[in-house]
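Novice: What shape does this take:
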Amino acid sequence: MYRYTNSLNPKIMKPESLMMSHGFKPELSEGAIKCPIFMTSTFVFKNAEEGKAFFELAYGKRAKNEGEEMGLIYSRINNPDLEILENRLCLWDQAEDCAVFESGMAAITTVLLEFLKPGDMVLFSSPVYGGTDHFIKKILPKFNIHSLEFTVGQSQEEIIELVNNSGMADKLALVYIETPANPTNDLIDIEATKEIAKHFSTPEKEVFLAVDNTYLGPVWQHPLKHGADLVLYSATKYIGGHSDVIAGACLGNASLMGRVKGMRTFLGNMASPHTGWLLLRSLETLKVRMDMQALNADKVAEMLNTHPKVEKVYYLGNFKPGDKQYEIKQKQCATNGGMISFDIVGGEKEAFKFLNALKLIKLAVSLGSTESLAEHPATMTHCDVDDADKAKFSITEKMIRLSIGVENHEDIISDIKQALEMI
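Specialist: Here you go, the predicted model:
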């Protein structure tokens, strides 16, 4: 098995030190210092008894015996690349278990489908990523699953009243939040939201809290520490970090992750061995990349805050003491992150002129990669969001979203300045 058994102690060493070797035993792979790509669909059992034992665990027909681990069966269920990757991701969030998917939306939709059934209601924060918004508002209703949204700035009491007034408080099964929100960088208090989930829980039914942590990644924010039951990532973003892989991840306690992995097995949306191998490679540099991106973002935001052709900057570093958002940031966030949105003076015409003039920064959606990216949320990532909602959340024609990369910050700033001069 590829479970962690070597002499390094994950309780003593920092995650960034363990990303090179945690969970991998070279002696099982001809002494290879790095995990090979296990491109196999199925695994050979030593005997029929072993096969029976593995399947009993895989399908939950019995509990594990003391010291027993589930063996390798079939790559739709488990694979060494996937297992090692999931073990290492657990270190960042101090989670009991992890499931990796072939995309961020695969992770999100699997969780929503596992924890919601016909007649249930999901309470979710707005704004959220456009794909999530679409699935909750337009796909879940096909399964007779209801939704109710709340917004940044609403108090705990106001949200509880909102749920009660919906007439479906007894149907609430899941609370889903995205913090910071894409693309506005709005923050939701994770602890306060968990209190709302607890308020509507009963002895017969617990209401769980799921948090999309993509914007800050596993280095800059740890939702499980603040009460979340599940944390979700588009692993395409900071975790992958090189714009060459699509993946997603979900982490939580062993019991809930057993449910998530069970649904993943039957939906068949687990990550491939090759995807797992690429993400293992990316994890080795995750902290250094993200630390550089945060430093660069601080410099870029500082320039944008004083530029005459920039109307407003949406950035965690702009929250001031005394502001509720500042208090949440101080409690939850380790840095200001690497994402910046800003309103350009003008509208779509000026925004497009700016985007078309960029040279170093690439005009593309996605975020968290080594290269800096820019996009137009209103007509791109959030084009399917209702116009009224876009207006409510300031996702207007003048908004531009930047994902800051690891280039020299002076070059990033120079490119932004020359593009602004084109307006």
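Novice: low-confidence ranges in the stretch 251-400 of the chain?
Specialist: The stretch 251-400 of the chain contains no residues with pLDDT under 70.
Novice: how about the strands in it?
Specialist: Applying DSSP state E, counting those that start in this stretch to the stretch 251-400 of the chain gives strands spanning 310-314, 339-344, 362-363, 373-375, 399-403.
Novice: Going by length in residues, pull out the top helix of this protein.
Specialist: Counting residues, the longest helix in the chain under DSSP state H turns out to be helix 286-304.
Novice: For that one, name the packing helices and strands.
Specialist: helix 15-18, helix 217-220, strand 310-314, strand 339-344, helix 409-421 (3 or more C-beta pairs under 8 Å, 6 or more residues apart in numbering; DSSP states H and E). Backbone N, C-alpha and C define where each C-beta goes, glycine included.
Novice: So which bits of that helix are buried?
Specialist: Of the residues in helix 286-304, 286-287, 289-294, 296-298, 300-301, 303-304 count as buried by neighbour count, 16 or more other C-beta atoms under 10 Å.
Novice: Repeat that for stretch 64-78.
Specialist: Neighbour counts using 16+ other C-beta under 10 Å place 70-73, 75, 77-78 of stretch 64-78 among the buried residues.
Novice: Also stretch 348-361?
Specialist: For stretch 348-361, burial by neighbour count (16+ other C-beta under 10 Å) applies to 350-352, 354-355, 357-358, 360-361.
Novice: now these as a markdown table including distance to Gly167?
Specialist: Below are the buried residues of stretch 348-361 laid out as a markdown table (distance: C-beta to C-beta, whole Å):
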| residue | distance to Gly167 |
| --- | --- |
| Glu350 | 45 |
| Ala351 | 41 |
| Phe352 | 44 |
| Phe354 | 46 |
| Leu355 | 45 |
| Ala357 | 51 |
| Leu358 | 49 |
| Leu360 | 53 |
| Ile361 | 48 |
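Novice: now, the most widely separated pair of those?
Specialist: Glu350 and Leu360 (20.0 Å; C-beta to C-beta).
Novice: Return the angle between stretch directions for the longest helix of the chain and strand 399-403.
Specialist: Helix 286-304 runs at 140 degrees relative to strand 399-403, counting by axes from the mean of the first three to the mean of the last three C-alpha atoms, to 10 degrees.
Novice: so which of the strands of the stretch 251-400 of the chain is the most packed in?
Specialist: Highest mean neighbour count among these (mean count of other C-beta atoms under 10 Å): strand 399-403, with a mean of 25.
Novice: ok, that one: who's next to it in the sheet?
Specialist: strand 339-344 (antiparallel), strand 373-375 (antiparallel) (DSSP bridges).
Novice: Same list (these) but as a markdown table, adding distance to Met39.
Specialist: Converted to a markdown table, the strands paired with strand 399-403 look like this (distance: least, C-beta to C-beta, whole Å):
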| stretch | distance to Met39 |
| --- | --- |
| strand 339-344 | 35 |
| strand 373-375 | 31 |
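Novice: Let me know which of these is the nearest to Thr42.
Specialist: Closest among the strands paired with strand 399-403, using C-beta to C-beta: strand 373-375, at 39.1 Å.
Novice: how far is the closest one from where the chain is centred?
Specialist: On the basis of C-alpha atoms, centre = their mean, to the nearest Å, strand 373-375 is displaced by 19 Å from the centre of the chain it belongs to.
Novice: Show me what that strand is in contact with.
Specialist: When contacts are defined by C-beta atoms under 8 Å, 6 or more residues apart in numbering, strand 373-375 is touched by residues 355, 358, 361-367, 381, 400-403, 405.
Novice: so what's Asp212 up against?
Specialist: So Asp212 contacts 108, 128-129, 132, 176-179, 232-233 (C-beta under 8 Å, 6+ apart).
Novice: Now, of these, which are buried?
Specialist: Buried among the contacts of Asp212 (16+ other C-beta under 10 Å): 108, 128-129, 132, 176-179, 232-233.
Novice: Now, those residues that are in helices?
Specialist: Reading helices off those with DSSP H, I get 108, 132.
Novice: mind giving me CSV with the buried ones among the contacts of Asp212 and columns for distance to Asp386 and pLDDT?
Specialist: Listed next are those as CSV, based on distance: C-beta to C-beta, whole Å; pLDDT from 0 to 100:
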residue, distance to Asp386, pLDDT
Ile108, 19, 98
Val128, 13, 93
Tyr129, 15, 92
Thr132, 14, 95
Tyr176, 18, 98
Ile177, 19, 98
Glu178, 17, 98
Thr179, 21, 98
Leu232, 23, 98
Tyr233, 26, 98
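Novice: Now flag whichever of the buried ones among the contacts of Asp212 is closest to Val245.
Specialist: Tyr233 (12.7 Å).
Novice: just to revisit the earlier point, return the subset of the buried residues of stretch 64-78 lying in helices.
Specialist: Going by DSSP H, the helices hold none of the buried residues of stretch 64-78.
Novice: Of all those residues, the one with the weakest confidence?
Specialist: Lowest pLDDT among the buried residues of stretch 64-78: Met70, with 81.
Novice: I'd say that residue and Glu83 touch.
Specialist: No: Met70 is beyond contact range of Glu83, at 9.4 Å (criterion: C-beta atoms under 8 Å).
Novice: Go through stretch 363-374 and flag the buried ones.
Specialist: By 16+ other C-beta under 10 Å, the buried positions in stretch 363-374 come out as 366-369, 371-374.
Novice: wait, which of the residues you listed is closest to Asn47?
Specialist: Nearest to Asn47 among the buried residues of stretch 363-374, with distances taken as C-beta to C-beta, is Gly368, at 45.4 Å.
Novice: returning to what we had before: possible to save the buried ones among the contacts of Asp212 as JSON lines with distance to Ile395?
Specialist: Converted to JSON lines, the buried ones among the contacts of Asp212 look like this (distance: C-beta to C-beta, whole Å):
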{"residue": "Ile108", "distance to Ile395": "20"}
{"residue": "Val128", "distance to Ile395": "11"}
{"residue": "Tyr129", "distance to Ile395": "12"}
{"residue": "Thr132", "distance to Ile395": "14"}
{"residue": "Tyr176", "distance to Ile395": "19"}
{"residue": "Ile177", "distance to Ile395": "18"}
{"residue": "Glu178", "distance to Ile395": "14"}
{"residue": "Thr179", "distance to Ile395": "16"}
{"residue": "Leu232", "distance to Ile395": "21"}
{"residue": "Tyr233", "distance to Ile395": "22"}
